[in-house]
Each structure stands twice: as structure tokens, then as C-alpha cells.
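Student: Fold the following for me, if possible:
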Amino acid sequence: MPGPGWYWIGEEETREVLDVMKSGHLVRYGKLDDPRFQQKTRLFEQEFAAHCGAKHALATATGSAALVAAMKALQLKPGDEVIVPAYGFVATYSAAVFMGVVPVLTEIGDDLNMDPEDIERRITPRTKAIVPIHMLGNPCNMEAIGAVAEKHGLFVLEDVCQATGAAYRGRKLGTFGHLGVFSLNAFKVITTGDGGMIVTNSDDIYDRAFSAHDQGYHPFEGGKRPAEQNALGLKLCMTELTAAVGRAQLRKLDLILGTLRQKKAKLKNAIGPIPGARFRTLHAPEGECATLCTVIFDRAERAARVAEILGTRTVDNTGWHVYDKMDHFDQYLKDQGRPHGRGAFPRTDDILSRSINLSVGVVDAGLGAGFGICIDSTDDEIQQAADQFQRVCRLAASDKSQDQNHAC
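Tutor: Model prediction:
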């Protein structure tokens, strides 16, 4: 159940990895005049930054590592608060808790992203940053979020882990905030198996992120030197092997996104209007990743019935993406005396209980996307999936009608 990049791993990735293996030089550092040193990590960072339109990029071992380094780079301190949506992946919340930072949850809207209007109600004197998560490849309303951040003097840390390559109003995600964080694991748009990336236009933030990702060192050409600020860091670096795969995948990113957008459009057109349901709001339809297609029903009962027949789940029952389904994080919220458990965020509960994710490029039961298509699906397979979804929706509507007649 991988993401689209996984489906397209091939000879290009093999060649890049063999370059590194033949060189015998597997770590990101080396002498620039050494012909054995392939500089895959450094080149991957430069290419990723160029793709995003950012000044700097920093490769990390995982997306979670990128989140930790990014929060350290913003100089967040224990007890500081960051605002995050009640629907996201557990890594975003875990990274904050790991750093001693307090995640404050906010409601989502029918785009399945954080609701900008609810952010202001969550701001306190301890709030230092807003962390919008571009869920399921769909850009957040960055204009509204940016306005709130500017009004209150807050950092914006974009979690782009599920939306690599997506754009909002012609500008790549990750460049609206002070920095952006990406994931390259097996379920994401492009993959290196595991891996992450940070992008920023700030020299200072980049320097602090670099120090955080490698024991307090400071970037220096092909090597490193102790950071001037005597910062502590961890070992969160990417290897040359991982970067080699990443370079090959990045060259495929535009084609992957173009293919996904075409196939999602075909799927939506084949499904057509759905009585009693609609597709989720997209703030930038031309710029989304199109990895999933979310259908929001008018009633939770009907959504649950459709999911049951299709052998999938409504989004509110999708594991470590929903605030009350992250057992360890929910316990943390309880221990902190903060809203927790189902019912704490009623609008989020309502929207997710009425939503079903259909796979397009990310086939992941953990996201509730166990039914749908993949990046390699043919037109016939797309039509078959659409026909099946239509039939099930009609059947669920008929079941509901019969239930109502029986009750009368």
C-alpha cells in the first residue's frame, strides 16, 4: 500500500544508488575535489530547493526528524504553544511533545485542513507558531492563515509531508511559512523509503536547522564545523544512498503529479454528481497533489454504510491521523488537562464521520483509502471503480430510505 513514487521506482533509482556504492562514499560529507565523492545529498538539497523556489533545503533521515529540527530552528522552548489541526499525522504532534512544545488543536473545515477562523480562538500569550498541515495533498488556505500569523506575530511552520510538489496560487507549498517540512517515506508522493527535507529562505533558520540535524555543527562547503552559537543538536542526517534515490524520484515529480491530476479528474468525472454528497473543498484545484479523492456525505450514517460495503472506513476511524485515535497523544492531552477524546472537537468529528477517502495515488488503508485506484490504473479500471462507487452510494441511499419507511 505505497504512494505513487513507490510504484515508479525503476532503473533511474538503481543507477543513482550504484553510483554511490561504486564510490564507496556513503555519508553526506566529503572533500569536494575527491572524485569518489558523489555529493548526492548536497545536490539533492540544491535541486529540491530549486523545485520549491526556496533559497535553502536541508535533507534529513525522516520527515519526523525534519519536524524536530525545524522546531529547534525556530528556537521554540518547552512550554511554548504551537497551533495544529485536530486532523493530521501523529508525527507532527509527537515532534512538538518531544521538544517540550505544547500542541494546541484547532478544528478543521470541509477542506479537511485547519480552519483559519478557529485559529484565533486558540491563541494565547504562549503561542509561538502555527503549523498548517496540508492534509492528503490539499493546500491549506495559506492566505488566511498567513494573515492570522502576521496579525499576531507568529511563526508559520508548514507541514508539507503529504503534499510534496503541491502549489497554492502558483507558489509551491513550503515557501509560504518561515520554513516547510517534507516527508519522503513509502506512502508519500515521492519516496526514498524514509527521508525528509526542510526548506527555508532564511539564512539564520537554515543554519540553526543544520546545527539541530547534526550535533550542533555548522554547514561548511562539503564538510562541517562547530556552530558559532554553540548549539546542541542530534544526528538526523540523510545518507548518500537515500539522497541518490531522492534525486531520481524528484526528476519524476512533475510527471507523477501530472498523471495523478489527470487520473483524479477522470475518476471524479466518471463518478459524476452524488446525491447527498459532494467532493471536499480544494483551495487550489490546479495545484493539489491529487493523491486522494475525498467525498463528504450529508449524513454520517450513509457514509458509514458506503464504507462498510466497499470494505473501507470513514475518515474518523482511520487510526493515527485523527486526534482521538492517537492513544498516546490523547493520553498526553488528558494529562495536560486539555480537550481530548471524541467530542472535544465536534466540527472535526462531524466532518470526518461523513467523509470517505478514495485512493488515487496513495493507497493507504491507514488513511481510509483502501478503495479506489492507483497511479498505474487504466481508464477501464478507473471507470470500474467509479461505477462500483456509484452503485454502492445508490444502495446505501436505498437502504436508508427503506429504514425510514419501516420506522414510519
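Student: Residue 151 versus residue 395, what's the distance?
Tutor: Computed as CB to CB, to the nearest Å, the residue 395 to residue 151 distance reads 49 Å. Backbone N, C-alpha and C define where each C-beta goes, glycine included.
Student: now swap in residue 392 and tell me
Tutor: Applying CB to CB, the value for residue 392 to residue 151 is 45 Å.
Student: now residue 373
Tutor: Residue 373 sits 42 Å away from residue 151, going by CB to CB.
Student: Neighbour count: those two, which is higher?
Tutor: Neighbours were counted for residue 373 and for residue 151 using other CB atoms under 10 Å; residue 373 has more, 24 against 10.
Student: who's in contact with that one?
Tutor: The contact partners of residue 373, by CB atoms under 8 Å, 6 or more residues apart in numbering, come to 263, 267, 358-360, 381-382, 385.
Student: Which one of those is nearest to residue 295?
Tutor: residue 358 (6.7 Å; CB to CB).
Student: What residue spans form the domains of the chain?
Tutor: Structural domains assigned to the chain are 4-107+115-249, 254-407, following automatic domain parsing.
Student: Please identify the helix or strand for residue 58.
Tutor: Element membership of residue 58, judged by DSSP states H and E, is strand 56-60.
Student: what mean pLDDT does that strand have?
Tutor: For strand 56-60, mean pLDDT is 98.
Student: So for that strand, what gets flagged as buried?
Tutor: 56-60 (16 or more other CB atoms under 10 Å).
Student: Next: stretch 20-39.
Tutor: With burial defined by 16+ other CB under 10 Å, the residues of stretch 20-39 counted as buried are 20, 23, 25, 28-30, 37-39.
Student: Format the residues you listed as JSON lines; extra columns: pLDDT.
Tutor: Compiled in JSON lines, these are given as follows (pLDDT from 0 to 100):
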{"residue": "20", "pLDDT": "97"}
{"residue": "23", "pLDDT": "95"}
{"residue": "25", "pLDDT": "92"}
{"residue": "28", "pLDDT": "91"}
{"residue": "29", "pLDDT": "90"}
{"residue": "30", "pLDDT": "89"}
{"residue": "37", "pLDDT": "93"}
{"residue": "38", "pLDDT": "94"}
{"residue": "39", "pLDDT": "94"}
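Student: List just the nearest of these to residue 136.
Tutor: Closest to residue 136 out of the buried residues of stretch 20-39 is residue 28 (31.3 Å), distances taken as CB to CB.
Student: Name the nearest residue to that closest one, sequence neighbours excluded.
Tutor: Distances taken as CB to CB, 6 or more residues apart in numbering put residue 41 closest to residue 28, at 3.9 Å, once the chain neighbours are dropped.
Student: Give me the nearest residue to residue 144, chain neighbours excluded.
Tutor: Spatial nearest neighbour of residue 144, chain neighbours left out: residue 116 (3.7 Å); criterion: CB to CB, 6+ apart.
Student: which residues touch the one you found?
Tutor: Residues in contact with residue 116 (CB under 8 Å, 6+ apart) are 141, 144-145, 147-148.
Student: number of nearby residues for the nearest residue to residue 134 once chain neighbours are set aside?
Tutor: Of all residues beyond its chain neighbours, the one nearest residue 134 is residue 163 (3.8 Å), with distances taken as CB to CB, 6+ apart. Using other CB under 10 Å, residue 163 has 30 other residues around it.
Student: switch to numbering from 861
Tutor: Got it, first residue is 861 now, which makes that one residue 1023.
Student: so which helix or strand takes in residue 1023?
Tutor: Going by DSSP H and E, residue 1023 is not in any helix or strand.
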